[in-house]
Each structure stands twice: as structure tokens, then as C-alpha cells.
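Enquirer: Here is a sequence together with a model predicted from it:
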Amino acid sequence: MTELSAIGQAQLAPAAHRIRSDEEALAVARHWAAEFATTAVQRDRERILPWDVLDGYAASGLWGITVPQEYGGAGVSSVTLAEVIAIISAADGSLAQIPQNHYYALEVLHVGGTPQQQRFFYDKALQGVRFGNALAEIGHKDYKRRTHLAADGDGFRVSGQKFYCTGALYAEWIPTLVVDADEVSYLAFIPRHSEGISITDNWDGFGQRVTGSGSVHFDRVRVERDWIVPFKASFDRPTTIGPFAQILHAAIDLGQARGAYAATLDYVREYSRPWIDAGVDKASHDPLLVERAGQLSVRLRAAEASVAVAGARVLTTEIALQAGSQLFELAGTSATLAEHNLDRFWRNARTHTLHDPVRWKFHAVGNYVLNDTLPPRHGAL
């Protein structure tokens, strides 16, 4: 029995629905988004970690939709995946971000994993197993990784400290970015309950409050050879990993923009008062307000239609922030009351859009069109 199959029998996951097509994935996403929306305000306001909905979310089959068809999944297109994430994000931006690195890890596996590794971890995803992440490190001015992979007999030991570990708190496996003695990087899939792992829920950002993006500490955690997938090698040639990561971020921002825009329209129709000089009885008939709502709609549609990933990130970043901000400008003073919690759209968008700077996306686009210079190969563009 191989190490992979032994672990597979030892950690049985709850059964998950098997989604078979892009159309079904979208339908399931709409169903769960409607459910998430009913409790999103309270979850964000009181920072209630979403344990009560995560099992159902994973069992819905949505976490397995990128698994290729030859491995039993739906193998949905990137367009469909982005729309699924945007649908969920419009209802609850935090819940949309939690599986983001789950999908990212599966893409790294798709590019660099062996067929045996792919079969094993794809099966996990189809069963409803959740992958988190432990990629980023803080406390240093450089981007050098300091979480080390050290040989230990027929396997390895991992030691280090990670932060911004979105989804790790809720995960069964934690894909972790590590480097060996030669500074070669790998993605190590590590079981959540391995001896030597401690997870701290110390994420206190003002937005995306329930993503569980805290710290993970590894103290000589045992990792089997079959759980390690090349990471650096996947960027030594053109691959889908970088653009894939960016389109996931863009989808989260797009969904937050949609949510803020929908909340704006609802609030203006139901509660807002027209400006005294508008000469109308309803805020929804205020000509300046109508014009601004039209501007937001056009920019939102443009973000939805954008194809170039760097351009999409620019547009989705801007529209997410603009929609979250102008919600209050259009809805009026009463919309700022804590009971409505409408500021969550801007807080979530402002927090999530800080993952990587838009100014460098403008630079990448400009450098390409002006100097025919291809962008660097990494996941932050």
C-alpha cells in the first residue's frame, strides 16, 4: 500500500455532492449564495466564524468543480469558476475568499503534481475535503521564504511561521509554501491535525473578518514525500498558475461590487430621501443620483466583460471600492447606521484589494503595450 492510499483510508471525508457541469455549478452557487446572504450581516457584525455553514458549503460540491473530468470532476472553465466565486462573494465576501487558496492549490497540483498525487488530492476535493493555505510570511522586508523543508529519513520536517493563512483555520489539509536547503520552493500538503501544527485565529482586519486568515506555526511537522509538489519549477515556464490566482481575486472583488451595488439600489428605493433641490418625491427619481447609479452600472458591466487578467484586476479593484463608497453617497446618512452594516462592502473590498497593488498591474499592462515586455511569472500579478 502506498503512503498516499494509506492516508486516504485513514482520513475519510464526508460525502459531497458531485457536480457534473458548468451549468450545475452556477445553479448550486446561486442556491448557496441565497442562503449565505440571510446571515451575512450578523456574521460580519459579530465576527461569527462560519462553522455552521462551511460543512454544507464544502458538501455542495463547489469545492471540487475544478477537478478535471478525467479524474471525476466537472472540470469547469475559469470563466465559470470566476462567476461561481463572484456569485458567492456578492452574498458574503469572506465566504467567497475562504476556498480561494483551495482552488489555487489544486491548480498548482494540476501544473506540477504527479498523476498519483493528482488522483489522491483530487479525490479529497471531490469528497468535500477543504484545503487552506500557509503561503505568506511577515516580519521581513524581503520576499524570501523562511519556512524550511528538511530531510528526515524517508520524509521531511517543516518548521516555520506563516500569516494571512486564509482558510487554514477551517481546513483538513494546509498546502504550505516551503523552501529546501537550496532555496528551491515547494508546496507541501500537510494534514491539519499533524503533530507540531498550531493555528492561531489572530486575524483582526476591519474587512473580510471571518476568513480565518490568521497564523500557522510549524514545529518540525512530519511531511511525507508524496505530499510535496514542485512550486518554483511551475514558474520556470509559462503556466496558468499566476493568471489563475489573479482571476480568483478579481472574481471576489467583482462579487463584492455586485453586492454593494445591489444594496445601494435596494436602500435607495426603500429608505433614501431625495435631495431638497432635486424637485422629486423619491430618491430613485433624483436625476443626479440616477446618473451616478448609471455610471456604476456601466463600470460594473465593463469589469464583468474584461478578459485580460491584469486589466480585470484593475477594474474589479476600482469598482469594488467605488461601489462600496458610493453606496453611502447615494443612499444617504441613514445608511451609515450600524444596524444596516452596509459598510461591510467597502471594508471587505478595501481589505481584499490590498493583496497586491494595482499600480503594478498598470505598469505590467503599460510595459507590455509600450515596450513589448512580458510580465514576470509569479502569482501576484
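Expert: Perfect, I can see it now.
Enquirer: quick one: Ala37 and Asp266, what's the gap?
Expert: According to CB to CB, to the nearest Å, Ala37 and Asp266 sit 12 Å apart. Yep, even glycine has a C-beta here, placed from its N, CA and C like the rest.
Enquirer: Point out where this protein drops to low pLDDT.
Expert: 1-14, 142-143, 306-315, 355-381 (pLDDT under 70).
Enquirer: How is the residue lying farthest from the centre of it assigned, secondary-structure-wise?
Expert: Largest separation from the mean C-alpha position in the chain: Gly279, at 44.6 Å (CA atoms, centre = their mean). Secondary structure, DSSP: H, G, I helix; E, B strand; the rest coil: Gly279 is coil.
Enquirer: out of Ala37 and Asp266, which sits in the more crowded spot?
Expert: Ala37 (15 against 11; other CB atoms under 10 Å).
Enquirer: give the contact list for that one.
Expert: When contacts are counted by CB atoms under 8 Å, 6 or more residues apart in numbering, Ala37 touches Ala91, Asp92.
Enquirer: now it: how far from Asp44?
Expert: 12 Å.
Enquirer: Give me the common contacts of those two.
Expert: Joint contacts of Ala37 and Asp44 (CB under 8 Å, 6+ apart) are Asp92.
Enquirer: So what touches the top strand by length along the chain?
Expert: Assignment by DSSP state E gives strand 215-224 as the longest strand of the chain. If you take CB under 8 Å, 6+ apart as the criterion, strand 215-224 is touched by 3, 7, 134, 147, 149, 152, 155-163, 165, 168, 174, 176, 188, 190, 194-200, 202.
Enquirer: mind listing which of these are in strands?
Expert: When DSSP E is applied, the contacts of strand 215-224 are split such that 149, 152, 155-162, 174, 176, 188, 190, 197-200 fall in strands.
Enquirer: Just the buried residues of these.
Expert: Among the ones in strands among the contacts of strand 215-224, the ones that count as buried by 16 or more other CB atoms under 10 Å are 149, 156-162, 174, 176, 188, 190, 197, 199.
Enquirer: possible to save those residues as TSV with distance to Asn101?
Expert: Shown next, in TSV, are these (distance: CB to CB, whole Å):
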residue	distance to Asn101
Leu149	19
Phe156	21
Arg157	23
Val158	17
Ser159	21
Gly160	17
Gln161	17
Lys162	12
Ile174	10
Thr176	11
Ala188	14
Ile190	13
Ile197	16
Ile199	14
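Enquirer: can you list the domains in the chain?
Expert: The record assigns the chain these domain ranges, following automatic domain parsing: 3-127, 148-231, 241-371.
Enquirer: Output the ones you listed in CSV; the columns should cover distance to Gly139.
Expert: CSV is the format used below for the domains of the chain (distance: least, CB to CB, whole Å):
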stretch, distance to Gly139
domain 3-127, 21
domain 148-231, 8
domain 241-371, 17
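Enquirer: looking at those, which is closest to Ile138?
Expert: Closest to Ile138 of these is domain 148-231 (CB to CB; 4.7 Å).
Enquirer: centre of the chain versus the closest one, how much separation?
Expert: On the basis of CA atoms, centre = their mean, to the nearest Å, domain 148-231 sits 17 Å off its chain's mean C-alpha point.
Enquirer: Make sure Ala338 is indeed in a strand.
Expert: No. Under three-state DSSP, Ala338 falls outside any strand and is assigned coil.
Enquirer: Now do the phi/psi pair for the residue lying closest to it once chain neighbours are set aside.
Expert: Among residues not flanking Ala338 along the chain, Arg45 sits closest, at 7.7 Å (CB to CB, 6 or more residues apart in numbering). Dihedral pair for Arg45: phi -60, psi -40, per degrees, to the nearest 10.
Enquirer: for the one 5 residues further on, same thing?
Expert: Dihedral pair for Pro50: phi -80, psi 40, per degrees, to the nearest 10.
Enquirer: That one is in contact with Val210, isn't it?
Expert: Yes. Using CB atoms under 8 Å, Pro50 is in contact with Val210, at 5.6 Å.
Enquirer: what is in contact with those two at once?
Expert: Each of Arg43, Ser94, Leu95 lies in contact with both Pro50 and Val210 under the rule CB under 8 Å, 6+ apart.
Enquirer: The second one contacts Gly205, correct?
Expert: Same thing as Ser94. No. Contact status for Ser94 versus Gly205: not in contact, 10.5 Å apart, counting by CB under 8 Å.
Enquirer: Looking at those two, which is more packed in?
Expert: Counted by other CB under 10 Å, Ser94 and Gly205 do not tie: Ser94 has more neighbours, with 28 against 15.
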